[in-house]
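Colleague: okay, structure incoming, though there's no sequence with it:
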């Protein structure tokens, strides 16, 4: 019975998250407020990284052997700092497509890091830390979905504007050619 309740509650949370993602859509007007919420959602990541850095968790694989080749927490923290820098730059210039795309890539990389760390924490019998990292990873995945949709919308708007400008440019070039042609016609008549 307990397992059934757990499965039902997990399905309900999953459905609620899916519905929220479908209904929540970022716009240029809501993007700055989203960036503030996003930055606030990164505090638990920084706290978890500080905890991992301070306690020097022995990272071991499933067989209990020390992990080799894993990036250190300091390296992961630097990536977090870069993401925060991107957020601050975007707050100053929300319609910047390059920065928005950078934020998307950095968010997905952070979610991957959090997944990796949560698995390591589970492997090292750190259930509470692993749960916090998993929850934060779910938030990052949600943020990545929102940023991805916003980035695609922003790219579509930029593409539409480029096409409008190209059309306007062709029209101006045509008028210039006609004007030059008329000028030559008058010159030859004299």
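Modeller: Nice, thanks for sending it over. The structure displayed is predicted, hence computed values, not measured ones.
Colleague: what does the model give residue 5 for pLDDT?
Modeller: For residue 5, the pLDDT comes out at 37.
Colleague: start the count at 631, not 1, going forward
Modeller: All right, first residue 631 from here; so that's residue 635.
Colleague: pretty sure residue 738 contacts residue 774?
Modeller: Yes. The pair residue 738 / residue 774 is scored as a contact, 5.1 Å apart, by Cβ atoms under 8 Å. Glycine gets a C-beta too; all of them are placed from N, C-alpha and C.
Colleague: so between those two, which is more surrounded?
Modeller: A side-by-side neighbour count of residue 738 and residue 774, using other Cβ atoms under 10 Å, places residue 774 first with 19 against 16.
Colleague: scan this structure for its longest helix.
Modeller: helix 757-819 (DSSP state H).
Colleague: which helices and strands does it pack with?
Modeller: Helix 757-819 sits against helix 632-653, helix 661-671, helix 673-685, helix 727-753, with contacts defined as 3 or more Cβ pairs under 8 Å, 6 or more residues apart in numbering; DSSP states H and E.
Colleague: which residue is nearest the centroid of the protein?
Modeller: residue 734 (2.7 Å; Cα atoms, centre = their mean).
Colleague: mean pLDDT lowest for which of the helices and strands packed on helix 757-819?
Modeller: Mean pLDDT per stretch puts helix 632-653 lowest among those, at a mean of 44.
Colleague: state the distance from the nearest residue to residue 740 once chain neighbours are set aside to residue 684.
Modeller: Closest residue in space to residue 740, ignoring its immediate chain neighbours: residue 770 at 5.3 Å, by Cβ to Cβ, 6 or more residues apart in numbering. Using Cβ to Cβ, to the nearest Å, residue 770 is found at 22 Å from residue 684.
Colleague: more neighbours: which of the two?
Modeller: Using other Cβ under 10 Å as the criterion, residue 770 and residue 684 rank with residue 770 on top: 25 against 9.
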